[in-house]
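*Asks:* Sequence first, then the predicted structure, then my questions.
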Amino acid sequence: MADGSRCSHIEGCELYPRFSLRGALRIWQDRYCNHPTHHQKCERFVRSNAGQPVPATLLPNGEHIAT
Amino acid sequence: MPDWLLHDYWPWWFSAAFFATMVVGVWLAERRLLGVSGSYAAAIERTREEDEAARRLDEADPAAIDDALMRATLAAFGPEAVAELEREQAAAAAAAPAGPPIGLTGPRQAMPRSAHVTFLVMLAVGGLLGALGSSGWEVRTDLGPLHEALTGGGAISLLALVGGGFLVGFGTRMAGGCTSGHGLSGCSRLQPASLVATASFFGTAVAVSFALEAVAR
Ligand code: SF4
């Protein structure tokens, strides 16, 4: 949905409480979460809308954080 | 029990103050947003893959998570994006050296499934206590005289309720939240998406209830 605003999943997205103190998260937020259209390409957003599992390690570009 | 509580529904001002206290209290105490559909999804739908990923992060060394996130960020956006962020952060730190960065809160572990289940069970228990303390409790398969007039009562009423429940779940999933997540938590923080979502579903509810009333007459 091209609603011209930021991602509607921000309130519940597990990426935020997990990584909010980590500076690098800001870059992901700017490029995906707060972007008016790019958030629709976020793998977390796409998977969540499709009812698929969204692991906490999944980043918006589809890569996983390798711990 | 005070007289003003002994009605079909609690007075709006009491419910409003109660909800506001809960939402703000949970935010202040836990830095978490209250959301029924989110808790339901976490309790019911969480898969083994999600549990496993959450466990790995919970057990990982925070410094290792920092490194892993930074590696992934460098791989995705390149060193220039990271350097730019570091310049911004250095400038912000020089301008306001004391205190944590604005808007940032500490990283937290995911709530375990048991916490979500407890929250959902307590919602039902709270509703039951509220009903017992006011108008009383009974099992019904309709939503009152208007609903019964429209559906004819009995099994059809029940099916309409179940169908409505599925539609609510579908819409909630599409909108990324429900009346509690968007309506209470999101609107109280003036989140634009929550304001739009809440205006949409409340506006639709008001319009549909007027339309149904007109049809039922
Ligand atoms: S990570 Fe993806 S789903 Fe989560 S808030 Fe950002 S854009 Fe939305």
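*Replies:* Cool, the structure landed.
*Asks:* nearest spatial neighbour of A:Gly62, skipping sequence neighbours?
*Replies:* Here the nearest residue to A:Gly62 in space, its sequence neighbours aside, is A:Glu43; by Cβ to Cβ, 6 or more residues apart in numbering or on different chains that works out to 4.1 Å. Every C-beta, even on glycine, is put in place using the N, C-alpha and C of the backbone.
*Asks:* Could you grab the helix/strand/coil label for the residue in chain A positioned nearest to chain B?
*Replies:* Each residue of chain A has a distance to chain B, by Cβ to the nearest Cβ, and the smallest belongs to A:Pro55, at 3.4 Å. For A:Pro55, the reduced secondary structure class is coil; criterion used: DSSP: H, G, I helix; E, B strand; the rest coil.
*Asks:* Let me know whether my guess that B:Ala20 is in a strand holds.
*Replies:* No: per three-state DSSP, B:Ala20 lies outside any strand segment and is helix.
*Asks:* what about it, neighbour count?
*Replies:* Here the neighbour count serves as a burial measure; for B:Ala20 (other Cβ atoms under 10 Å in any protein chain shown) it reads 12.
*Asks:* what packs against whichever strand or helix holds B:Ala211?
*Replies:* Using DSSP states H and E, the element containing B:Ala211 is helix B:192-216. Of the remaining helices and strands, those touching helix B:192-216 by 3 or more Cβ pairs under 8 Å, 6 or more residues apart in numbering or on different chains; DSSP states H and E are helix B:145-151, helix B:154-175, helix B:187-188.
*Asks:* Next, the angle from that helix to helix B:154-175.
*Replies:* Helix B:192-216 and helix B:154-175 are oriented at 160 degrees to each other (axes from the mean of the first three to the mean of the last three Cα atoms, to 10 degrees).
*Asks:* For helix B:192-216, list every residue counted as buried.
*Replies:* By neighbour count, and taking 16 or more other Cβ atoms under 10 Å in any protein chain shown as the criterion, the buried residues in helix B:192-216 are B:Ala193, B:Ser194, B:Val196, B:Ala197, B:Thr198, B:Phe201.
*Asks:* and what of stretch B:114-121?
*Replies:* Neighbour counts over stretch B:114-121 (16+ other Cβ under 10 Å) mark B:His116, B:Phe119, B:Leu120 as buried.
*Asks:* one step back: now render the helices and strands packed on helix B:192-216 as TSV, adding mean neighbour count, distance to chain A and mean pLDDT.
*Replies:* Putting the helices and strands packed on helix B:192-216 into TSV (neighbours: other Cβ atoms under 10 Å in any protein chain shown; distance: least, Cβ to the nearest Cβ, whole Å; pLDDT from 0 to 100) gives the following:
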stretch	mean neighbour count	distance to chain A	mean pLDDT
helix B:145-151	16	29	84
helix B:154-175	14	6	88
helix B:187-188	16	11	84
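*Asks:* Turn those into JSON lines, columns for distance to B:Val139.
*Replies:* Formatted as JSON lines, the entries for the helices and strands packed on helix B:192-216 read as follows, by distance: least, Cβ to Cβ, whole Å:
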{"stretch": "helix B:145-151", "distance to B:Val139": "15"}
{"stretch": "helix B:154-175", "distance to B:Val139": "11"}
{"stretch": "helix B:187-188", "distance to B:Val139": "33"}
